[in-house]
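Asker: need a 3D model of the sequence below.
(2 chains)
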Protein chains: 2
Amino acid sequence: MTPFSLGEWLLADMHQATANAPHNALHRYRSVYAGIRKAILSRRLTPGIRLPSSRSLAQELSVSRNTVVAAFDQLLAEGYVTAVTGSGTFVAAIRRNDKVRSAVVRAGRGPILSARGRRILTAPGGATHEIQPFVPGMDDFSVFPSKIWQRLQNKYWRDSPAELLDYAAAGGYMPLRRTIANYLSISRSVRVTTEQVLITAGTQQSLQLCAQLLANAGDLAWVEDPGYWAARKVFEACDLNLRPIVVDAEGIHPEVADLTTEPRLIYVTPSHHYPTSAVMSLPRRQALLDLAAAKGAWILEDDYDSEFRYSGRPLSSLQGLDNHDCVIYLGTFSKILYPGIKLGYMVVPIDLAEPFKRTLYDTQRPGQVMLQAALADFIEQGHFATHVRKVRQVYGERRESLVKVLRAVLGPHAQLSKEESGMHLVIELPDQASDIGIAAEAAKQGLVVRALSSYYLGNQRRSGLVVGYAYVPTQRIKHFGTLLGHIVKSALRR
Amino acid sequence: MTPFSLGEWLLADMHQATANAPHNALHRYRSVYAGIRKAILSRRLTPGIRLPSSRSLAQELSVSRNTVVAAFDQLLAEGYVTAVTGSGTFVAAIRRNDKVRSAVVRAGRGPILSARGRRILTAPGGATHEIQPFVPGMDDFSVFPSKIWQRLQNKYWRDSPAELLDYAAAGGYMPLRRTIANYLSISRSVRVTTEQVLITAGTQQSLQLCAQLLANAGDLAWVEDPGYWAARKVFEACDLNLRPIVVDAEGIHPEVADLTTEPRLIYVTPSHHYPTSAVMSLPRRQALLDLAAAKGAWILEDDYDSEFRYSGRPLSSLQGLDNHDCVIYLGTFSKILYPGIKLGYMVVPIDLAEPFKRTLYDTQRPGQVMLQAALADFIEQGHFATHVRKVRQVYGERRESLVKVLRAVLGPHAQLSKEESGMHLVIELPDQASDIGIAAEAAKQGLVVRALSSYYLGNQRRSGLVVGYAYVPTQRIKHFGTLLGHIVKSALRR
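Answerer: Okay, here's the model as predicted:
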């Protein structure tokens, strides 16, 4: 059906790229995906053409059928191909002006993007609404006390002191750093002095600083699998090699083959694994700390949503257990306040405080000191604690309400993730169910949920749906939850 | 005098590091500087010990004496050594808690920072007050209309619409992108549609995106010499190799040896070279565009202070002359409004718009949409134009006043840079004068000026002082200018 042998062409492409690829499973998936995309963009595959079946293509390429199916699903999700039930997968009509034009080779200039750029861009990435996966419109930031916030900001704007309009020179606004140190030491058992706290423009910036200062291009980073794609994107952009490490119910679980590798960085979300909600057990925590100390690796502990715990005592941080100064603790205000605030923090071992502060200043020129001042007051005057309590209550209700309606609709068809914390839950699906397909189905009906399998780098993928409930107004949870439940149920019946 | 031969030790160190160093002149300077620093930090050179003379050390290392002097000056400026007139240079007493502790090797863990981290950190960097080089206290952001600004912000905070609290998903707040496109096309002759404009968190972030997406680790970037150190820091952090290109009165001026190299990026400040104030001539602009097109290189045009032109017609942008889509235009609001606003923009060729937007979102998760909305109104309601006029007038007066007082005190002893624009001027000094020494002298008296020689990567360094006048209140210019003039004059007499 195709005007040339897609398989042959992909094989040549894959062969060329495999030479220096460290992770073959991941690489095969990406090669198939990128190769077909390239063929579509370069018009080797013209719109309307039917792709070979996943089975025959898998055979021709000597890869698993799952790999090809995953690549097809990704292409489907991105609009490069369309699927017609019972007929097959067809190349979609793409206008020359579409965003996919980006990968085109420009006449006389070679590829527009560098190899690094293409790698960053094609790494499994995100939808644009990462924190509102389950919401048709983002109409509910109403929990945030914007009146109080406005008043605190105005207090400083009234006088507009120069030091609040200037760049943030010394690791951030000192009163905010002090307040965060207090907060973390009390509520998260982080061992911290003010000197160790740096204010950043969010977790991405914190991760980037770690990758740039603690690792070299080509170094290895262990990442959770499944895991947070945006962290991986930062590591990719810093030229790190990623090794996906399996996560089970007790958190990250390196296998024997993993232990023979020498990671420079280990990225984990121990309080509440993203996205499966697993909490890292104490034995695992101790083992990971020992391992990092033995290997001279740094652990990057991303405690992105530690505030959202609805029952039981919050677990203390991994950093608080560390006797080797090998943990860097990362937090953010984007999840608990509002995303666009773009203020995060990191706690670094004292030896790293000065080089991190200096590099932050030299390479990023941080600012937003006005916001930092207002935030310091917000915390010190007790508004933060009040807000956290309120958010916990509201999100807890939403969670409970969603769980209830999903259980009612789905019955025994699907398990829900058990941890009582966070801003999302996972509907666990049978392995043969295509979570990407169900997510696409839900998207058609205005519900943005994410396929659990899309959070994996490795080949062992579980099927599920990551459903955020934090930004869905409580009174609409039941309506949307029912809708989602029925979509899942009818997909599972097929 | 030293307990071991410093020269021998440095030679071993330099030999080890020279193998893969592309730029020897720069590298020699850094090696000497870093080597001595390492010796001090590791206590091979203990406090109070006298360093060998620059002449004898230069001989032993077979480098120019200038190289050693520059390294000594840098160490002096950073407090690692002290100089006693007539006696020599001595290792300073450094407390274990001082910031210089950062480079120490931690027992059992090897170097704390990666090689990349150490390179970023030791690259010639900045004082923390880069934009207020000539000001004892930063007491004058009074030009910024903070009342109007506050009112515009409050308008949006009152309703706090969700899309202004969320991340900035699509390259920034659309009305701001549209407004910037209009502004640039009218006032800077930039060829631009809204689609090509991305809002970033400032020029550092814009540069980083370019380096990550358009270049690979190890690729070559041409940078102006002298030039903007913070841009270089970003390139270093993205693992680019830097090649300093001489700047003369007409702007960047590649030599024959430069033309044999293949830069992937060319970073320039054509409207107003930083820090010498040279304006790139039209023939140079055309030659640079042709060169970039021929080499398949990208030109990064940093138009950081295009608004500050006090006389004559503003020059149009390099981007506006480009027929090959090889220029990326960068601007910022941090210079004209207030530094901490951290809003900048870039104009990319249309093919790059989508990959840049996507990567910006995936790797940085940009925010601050509230600020972007207020800024769009600020521009559309005419406040920006009013502010630019006012700033031009105020800074123009300050410049004029500073020039007058410096001419009166210095007379024929020093030339002042001629361009009538910008936020700083350069006092050009005779080549034998140590600008670093004079800057240190001025710092003792509370005046923060920067040595022109510290802006160089290459060996051909001119001596001078970079003096910012933008943040010095007009009524104090005369006082501080006189003080500075006398410091320079008496240093030149010595």
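
Asker: show me where the stretch 201-350 of chain A has helices.
Answerer: In the stretch 201-350 of chain A, the segments counted as helices under DSSP state H, counting those that start in this stretch are A:203-214, A:229-237, A:256-259, A:282-295, A:350-364.

Asker: tell me which of the ones you listed sits most buried.
Answerer: Burial among those, expressed as mean neighbours by mean count of other Cβ atoms under 10 Å in any protein chain shown, is greatest for helix A:203-214, which shows a mean of 27. Using the backbone N, CA and C atoms, a C-beta is placed for each residue, glycine as well.

Asker: what angle separates it from helix B:229-237?
Answerer: 70 degrees (axes from the mean of the first three to the mean of the last three Cα atoms, to 10 degrees).

Asker: average pLDDT for helix A:203-214?
Answerer: Helix A:203-214 shows a mean pLDDT of 96.

Asker: next: stretch A:368-377.
Answerer: Stretch A:368-377 comes out with an average pLDDT of 96.

Asker: kindly export that stretch (C-alpha atoms) in PDB.
Answerer: What follows is stretch A:368-377, C-alpha atoms only, in PDB (Å, rounded to 0.1, in the frame of the first residue of the first chain):
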ATOM      1  CA  GLN A 368      10.200  38.200  41.400                       C
ATOM      2  CA  VAL A 369      11.400  39.400  44.800                       C
ATOM      3  CA  MET A 370       8.000  41.200  45.300                       C
ATOM      4  CA  LEU A 371       6.200  37.900  45.000                       C
ATOM      5  CA  GLN A 372       8.700  36.400  47.400                       C
ATOM      6  CA  ALA A 373       8.100  39.100  50.000                       C
ATOM      7  CA  ALA A 374       4.300  38.700  49.800                       C
ATOM      8  CA  LEU A 375       4.800  34.900  50.100                       C
ATOM      9  CA  ALA A 376       6.900  35.300  53.200                       C
ATOM     10  CA  ASP A 377       4.200  37.300  54.800                       C
END
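
Asker: contacts for it next, please.
Answerer: Surrounding stretch A:368-377, the residues in contact under the criterion Cβ atoms under 8 Å, 6 or more residues apart in numbering or on different chains are A:149, A:152-153, A:155-157, A:163-168, A:172-173, A:175-176, A:179, A:199, A:201, A:333, A:337, A:341-343, B:340, B:342, B:368.

Asker: got the helices of the stretch 201-350 of chain A as JSON lines, with distance to A:Lys478 columns?
Answerer: Rendered in JSON lines, the data for those read as follows (distance: least, Cβ to Cβ, whole Å):
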{"stretch": "helix A:203-214", "distance to A:Lys478": "33"}
{"stretch": "helix A:229-237", "distance to A:Lys478": "30"}
{"stretch": "helix A:256-259", "distance to A:Lys478": "43"}
{"stretch": "helix A:282-295", "distance to A:Lys478": "37"}
{"stretch": "helix A:350-364", "distance to A:Lys478": "44"}
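
Asker: between those, which one is closest to B:Val63.
Answerer: Comparison of those against B:Val63 by Cβ to Cβ identifies helix A:350-364 as nearest, at 26.4 Å.

Asker: helices or strands next to that closest one in the packing?
Answerer: Other elements packing on helix A:350-364 under the criterion 3 or more Cβ pairs under 8 Å, 6 or more residues apart in numbering or on different chains; DSSP states H and E are strand A:197-200, helix A:203-214, helix B:115-122, helix B:203-214, helix B:229-237.

Asker: what angle sits between whatever helix or strand comes next after it and helix B:369-380?
Answerer: Tracing the chain past helix A:350-364, the next element assigned as helix or strand by DSSP states H and E is helix A:369-380. Direction vectors for helix A:369-380 and helix B:369-380, defined by the same axes, to 10 degrees, enclose an angle of 140 degrees.

Asker: so the next helix or strand after helix A:369-380, near chain B or not?
Answerer: Sequence-wise, the next helix or strand downstream of helix A:369-380 (DSSP H and E) is helix A:383-410. No - remark: helix A:383-410 sits outside contact range of chain B, by Cβ under 8 Å from any Cβ of the partner chain, the gap being at least 13.8 Å.

Asker: list the buried residues of helix A:383-410.
Answerer: Of the residues in helix A:383-410, those scored as buried under the neighbour-count criterion (16 or more other Cβ atoms under 10 Å in any protein chain shown) are A:383-384, A:387-388, A:391-392, A:394-396, A:398-399, A:401-403, A:405-406, A:409-410.

Asker: give me the neighbour count for the closest residue to A:Met423 other than its chain neighbours.
Answerer: Nearest in space to A:Met423, with sequence neighbours left out and distances taken as Cβ to Cβ, 6 or more residues apart in numbering or on different chains, is A:Ala470 at 3.8 Å. The local packing of A:Ala470 (other Cβ atoms under 10 Å in any protein chain shown) involves 22 other residues.

Asker: so A:Ala470: helix, strand or coil?
Answerer: Using DSSP: H, G, I helix; E, B strand; the rest coil, the structure places A:Ala470 in coil.

Asker: adding distance to A:Ser56, write the helices and strands packed on helix A:350-364 out as a markdown table.
Answerer: Putting the helices and strands packed on helix A:350-364 into a markdown table (distance: least, Cβ to Cβ, whole Å) gives the following:
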| stretch | distance to A:Ser56 |
| --- | --- |
| strand A:197-200 | 49 |
| helix A:203-214 | 41 |
| helix B:115-122 | 45 |
| helix B:203-214 | 36 |
| helix B:229-237 | 46 |
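
Asker: right, and the ones you listed - which one's nearest A:Leu291?
Answerer: Using Cβ to Cβ as the criterion, the shortest distance between A:Leu291 and the helices and strands packed on helix A:350-364 is 16.4 Å, found for helix A:203-214.

Asker: helix A:350-364 and that closest one, what's the angle between them?
Answerer: Relative orientation of helix A:203-214 and helix A:350-364, computed by the same axes, to 10 degrees: 110 degrees.
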